[in-house]
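S.K.: okay, predicted coordinates and the sequence, questions at the end:
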Amino acid sequence: MKSAILSGVTGQDGYFLTQLLISKGYDVHGIIRRNSSMSKGNLSFLPPEILEKIQIHYGDLTDANFLSKLLGDHKPDEFYHLAAQSFVGYSFENPSSTYDVNIGGTLNVVNAVKDYSPDTRLYFAATSELYGQPKITPQNEDTPFSPRSPYAVSKLAGFWTVKTYRDAYNLYMSNGILFNHESEVRGPEFVTRKISLHVAKYAYGDKKPLELGNMEARKDWGYAKDYVEGMMKIINHKYPDDFVLGTGELHTVRDFVSEAFGKIGVSIHWR
């Protein structure tokens, strides 16, 4: 039986990836940052028969000793590093915390793999935010990076850390540069869920206004369940590399609002 450890297991991607791995017969371990309520995040939405198959380890990515012991004890076949401070706006408010988690935490992960489980295959969740506002469309693996937020900068540091360790120590470490991917378990602070939740409330009689920012912002939105299949294919590729995953289609926030309201039979007339 193959084994996998997931950081960020309580998030959207962890929710789908754990189900995929378990369906493939994996022994799945998840890292959860200890909290007073012992919350399991999105894992709490899983059926009990699936949840009970996930071995939970409470710890913090900024704790190098925790990761070293975890990797040394279990020596997993695969490690999916999904955990991050992933909110762009918050990264401007608290860049220090963002760097501690996203840069320091990633460094701890790759060092634990290198020193205690060098045969483990590592997947690092990078982001299309690395591109900033690119002049070339569509972007690919050769498009220059131009990060425009502390979050993007921290992810770029993680990207290059993984790439450097891969080359310097001959380790299987791959980067997945993923464009936006959404789902029914996406956090309410993300614009797609902010819109869809508002539409659901509107359908049940709540007519409060929906306040959004730049309506002309264009995004490449995909479905998270498809993207975790891509992660698994990346980590099982015959050699480690850097990969871009996206739909290749751009849509505006305005388009998203119109489509969402259309699902409940409401036509939007813009003015």
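M.R.: Alright, I've got the coordinates.
S.K.: low-confidence ranges in this protein?
M.R.: Applying pLDDT under 70 to the predicted model, the residue ranges of the chain that meet it are 36-37.
S.K.: longest helix of it?
M.R.: helix 150-169 (DSSP state H).
S.K.: off-centre distance for it?
M.R.: Mean C-alpha position of helix 150-169 versus that of the full chain (C-alpha atoms, centre = their mean, to the nearest Å) differs by 15 Å.
S.K.: what are the boundaries of the strands in the stretch 101-250 of the chain?
M.R.: Per DSSP state E, counting those that start in this stretch, the stretch 101-250 of the chain has strands spanning 121-127, 173-178, 181-182, 218-219, 222-223, 242-245. These are given in chain order.
S.K.: tell me the centre residue of this protein?
M.R.: Centroid check for the chain by C-alpha atoms, centre = their mean gives Leu82 as the closest residue, at 5.0 Å.
S.K.: that one and Thr10 touch, don't they?
M.R.: No - between Leu82 and Thr10 no contact is recorded; they are 9.6 Å apart, counting by C-beta atoms under 8 Å. The way it works is simple: take the backbone N, C-alpha and C, and place the C-beta from them, glycine included.
S.K.: coming back round to it: how near is the closest residue in space to the residue nearest to the centre of the chain that isn't next to it in sequence to Arg166?
M.R.: Counting by C-beta to C-beta, 6 or more residues apart in numbering, the nearest residue to Leu82 once its immediate chain neighbours are dropped is Gly8, at 3.3 Å. Between Gly8 and Arg166 the distance is 20 Å, computed by C-beta to C-beta, to the nearest Å.
S.K.: what ranges does the stretch 51-200 of the chain have for its helices?
M.R.: For the stretch 51-200 of the chain, the helices defined by DSSP state H, counting those that start in this stretch cover 64-74, 88-93, 95-99, 105-116, 150-169, 191-203.
S.K.: please name every helix or strand in contact with the fourth one.
M.R.: Read that as helix 105-116. With contacts defined as 3 or more C-beta pairs under 8 Å, 6 or more residues apart in numbering; DSSP states H and E, helix 105-116 has these neighbours: helix 64-74, strand 78-81, strand 121-127, helix 150-169.
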